[in-house]
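*Asks:* sequence below, structure please.
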Amino acid sequence: MKLVTYRLANQEFVGALSADETAIHTLPFPDMNALIQGTTIATLPALLADAPTVSMADVEILSPIPCPLADAICLGMNYLDHAKEAAAFNHQSFDRDAMIPVYFSKRATRTVDPTGIIPRHAGLVQQLDYEAELAVILGKDAFNVAEEDVADYIFGYSVANDVSARVLQTKHKQFYFGKSLDGYFPMGPCILTADSVPYPPELAISSKVNGELRQNSNTNQLMTTISQLVANLSRGMTLKAGTIFLTGTPAGVGMGFHPPKFLEVGDVVECAIESIGTICNTVK
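*Replies:* As a prediction, this is how the structure comes out:
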């Protein structure tokens, strides 16, 4: 099942796409956070039986979680090929011990819609970069969860672009500021519920800039798996339902090219993941 947030007549609603993806079954929740916290994947089908429908042609698809309840939890350099290209770009800032996950948070007052704008932030940002990533959304509170039980806690998956200001990221010796500027968290076009694909998901992931293929990999290449991520972090802190995890990006980001291929005004960035969909954002 694909869940979406959409705008109709200046109001925001949540719903589930029809099988042919031409209509949306509107669900009785004020937003996606309330849906995740107020239902389960198993109970969703019963809500669709009497749900009113609207045509996809009449609505604007928004980010599935426009206003996250908390900062996203991110994994840095979680594909081996990207870890190598990052270390080659700036060894001091991006060197990683393969046995120790790199965690950081990404702030988003409001995530960017699937066809929304990535602001250039001229005068503040140099070396603007893109990172196609699998977003994982937690379906229930998790504390001290064993790796073998993590699948039961996953609500679904989405596509994200972990937009990064590389100079800010490296200059501050941590990733938070350079990853968290307004407009640096495009997400969508939907949440694919976890029961839609086998666990762990093995999905093709890619990005294009102005039609040029830049990243091309598969989520089965994660160095730290989704199960390891949730089990590790839940050992010492409660992870709330609705938490968004960004699981890392494969090789092919702008800083990995020689010379680098950073984003400029007018560039169009597409991030796609098999079975979920594509987000397409323009730098302005």
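*Asks:* alpha carbons only for contacts and neighbour counts from here, please
*Replies:* Noted.
*Asks:* let me know the pLDDT of the most far-flung residue of the chain relative to its centre.
*Replies:* For the chain, the residue at maximal distance from the C-alpha centroid (Cα atoms, centre = their mean) is D50, at 30.7 Å. Here, the pLDDT recorded for D50 equals 89.
*Asks:* next: the one 5 residues further on.
*Replies:* Per-residue confidence (pLDDT) for S55: 98.
*Asks:* would you agree it is in contact with A23?
*Replies:* Yes: applying Cα atoms under 8 Å as the test, S55 and A23 come out as touching, 4.4 Å apart.
*Asks:* with neighbour numbers in mind, choose between those two.
*Replies:* Ranked by neighbour count (other Cα atoms under 10 Å), S55 and A23 place A23 first, with 18 against 13.
*Asks:* what is the neighbour count of K240?
*Replies:* Residues near K240, counting by other Cα under 10 Å, number 17.
*Asks:* now do M237
*Replies:* 11.
*Asks:* separation between it and L229?
*Replies:* 12 Å (Cα to Cα, to the nearest Å).
*Asks:* flag the shaky bits of this structure, pLDDT-wise.
*Replies:* 82-83, 86-99, 172-173 (pLDDT under 70).
*Asks:* try it again with 50
*Replies:* 91 (pLDDT under 50).
*Asks:* now the helices for it?
*Replies:* 32-38, 44-48, 80-89, 91-94, 166-171, 176-179, 226-234 (DSSP state H).
*Asks:* ok, which of those comes nearest G211?
*Replies:* Of all those, it is helix 80-89 that lies closest to G211, at 20.9 Å by Cα to Cα.
*Asks:* ok, K2 touching A194?
*Replies:* No: using Cα under 8 Å, K2 makes no contact with A194, being 9.8 Å away.
*Asks:* before we move on, the earlier item: would you list the helices of the chain in CSV and tack on distance to G254?
*Replies:* Converted to CSV, the helices of the chain look like this (distance: least, Cα to Cα, whole Å):
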stretch, distance to G254
helix 32-38, 32
helix 44-48, 40
helix 80-89, 10
helix 91-94, 15
helix 166-171, 10
helix 176-179, 15
helix 226-234, 25
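*Asks:* R7 is nearest to which of the ones you listed?
*Replies:* Closest approach to R7 among those (Cα to Cα): helix 32-38, 12.9 Å.
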